[in-house]
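> Using only what follows, build the 3D model:
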Amino acid sequence: MDCIQSIRSAIEYMENHLLEDITYEDVARHVYMSNYHFHRLFSMIVGMTANEYIRNRKLSMAGQELIMSDKKVIDIALKYGYESPESFTKAFSRFHGVTPNAAKSSGVQLKSFNRLTLKIQFEGGTAMEYKIVEREKFKLLVKVEAFRNESVSEEGNTEIPDFWDRCGVDGVFDVLKKHTKNHDIYGVCAPTSKESKYFEYGIGMIYDGGDVPEEFRIWEVKPTLWAVFKCIGNDGECIGKTWDKIFKEFLPESNYNMLDDTDFELYPENNEGECFCEIWIPVERK
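Here you go, the predicted model:
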């Protein structure tokens, strides 16, 4: 299933189960993706998380039902999955700007959040350069931390950049260089399981054998086809922009599907020119 069809299937599932206690993890299982891969795919293409979509749709429908029926606020709250009138009132007020009781008054303005219809839109007409590379399996010596799936789409989130900064301060790069021959730096991430709420991200270099330093580990990357994209810019902002183009421009229209496996950023030791790094994503032909 390609990425656009996966998102359409996810939206259909959420719409059919809005009155149930579902989260993005349930939707990920429905489209046969890991929590991490689905969360990132949906957030990049749609511009919000699946949990945000579910919550906004519920609150929009709750608002309509409040002004069109004589049901009590507590009954509406329970119907849309809130355990108490207080928690419902807080969420409702944040979304609509008024309390549920005020919404029952004549002439009160509420927000409408309609079902998402996914369409492919062509913009700009700019070329996106990429190359397809076949690469044998390889091993990395890495320093790894776990991050929340939802952190990848939180506005202003700096958890991974902060991890890079800590590695610099803690001497991680010096340790890596001491135990490796090739000093290209890899930033690797992969879903750990389909059920996990966390994903692992590692910073490392090609492992040549030998002792593994304390608090480091070996990360094996499987042999596969890779789509490789240059991130053009002077800082890490170009990485997010390139991912955005990968999900919105390359994957929908290319002859490749992205695999739910390790992907990585590659920072060559002797990097020159405008390329900040390369993004490597595992792919298969459609």
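> Residue 228 belongs to a strand?
Yes. According to DSSP: H, G, I helix; E, B strand; the rest coil, residue 228 belongs to a strand.
> Enumerate the beta-bridge partners assigned to it.
Residue 228 has these beta-bridge partners by DSSP bridges: residue 131, residue 280.
> Now for residue 239, how many residues are close by?
19 (other CB atoms under 10 Å). Heads up, the C-betas are built off the backbone N, CA and C, glycines and all.
> Let me know whether it touches residue 278 as I believe.
No. If you go by CB atoms under 8 Å, residue 239 and residue 278 don't touch, sitting 10.1 Å apart.
> Show me whatever sits in contact with both of those two.
231, 265 (CB atoms under 8 Å, 6 or more residues apart in numbering).
> where exactly do the strands run in this protein?
Under the criterion DSSP state E, the chain carries strands at the ranges 131-135, 138-148, 185-191, 198-206, 217-221, 224-232, 256-258, 263-267, 275-285.
> need those in JSON lines with distance to residue 113, can you?
Shown next, in JSON lines, are the strands of the chain (distance: least, CB to CB, whole Å):
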{"stretch": "strand 131-135", "distance to residue 113": "39"}
{"stretch": "strand 138-148", "distance to residue 113": "25"}
{"stretch": "strand 185-191", "distance to residue 113": "29"}
{"stretch": "strand 198-206", "distance to residue 113": "28"}
{"stretch": "strand 217-221", "distance to residue 113": "41"}
{"stretch": "strand 224-232", "distance to residue 113": "33"}
{"stretch": "strand 256-258", "distance to residue 113": "29"}
{"stretch": "strand 263-267", "distance to residue 113": "32"}
{"stretch": "strand 275-285", "distance to residue 113": "32"}
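> so which of those strands comes closest to residue 164?
With CB to CB as the criterion, residue 164 lies closest to strand 198-206 of the strands of the chain, at 6.6 Å.
> how much distance is there from the closest one to the middle of the chain?
Relative to its chain's centre, strand 198-206 lies at 16 Å (CA atoms, centre = their mean, to the nearest Å).
> Packing partners of it?
strand 138-148, helix 159-169, helix 172-179, strand 185-191, strand 217-221 (3 or more CB pairs under 8 Å, 6 or more residues apart in numbering; DSSP states H and E).
> Let me know which of these is tucked in deepest.
For the helices and strands packed on strand 198-206, average neighbour numbers computed from mean count of other CB atoms under 10 Å are highest in strand 185-191, which has a mean of 21.
> does residue 88 really touch residue 72, like I thought?
No. Using CB under 8 Å, residue 88 makes no contact with residue 72, being 11.3 Å away.
> Which one's more surrounded, those two?
residue 88 (24 against 12).
> shaky segments in the protein?
1, 106, 118-127, 151-156, 192-194 (pLDDT under 70).
> Domain-wise, how is it divided?
For the chain, automatic domain parsing gives the domain ranges 3-103, 131-285.
> Could you dump those into a markdown table with distance to residue 109 added?
Converted to a markdown table, these look like this (distance: least, CB to CB, whole Å):
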| stretch | distance to residue 109 |
| --- | --- |
| domain 3-103 | 8 |
| domain 131-285 | 26 |
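> Dump the helices and strands packed on strand 198-206 to a markdown table, plus distance to residue 36.
Shown next, in a markdown table, are the helices and strands packed on strand 198-206 (distance: least, CB to CB, whole Å):
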| stretch | distance to residue 36 |
| --- | --- |
| strand 138-148 | 9 |
| helix 159-169 | 13 |
| helix 172-179 | 23 |
| strand 185-191 | 4 |
| strand 217-221 | 16 |
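> If anything else comes up later, I'll come back, but that's it for now.
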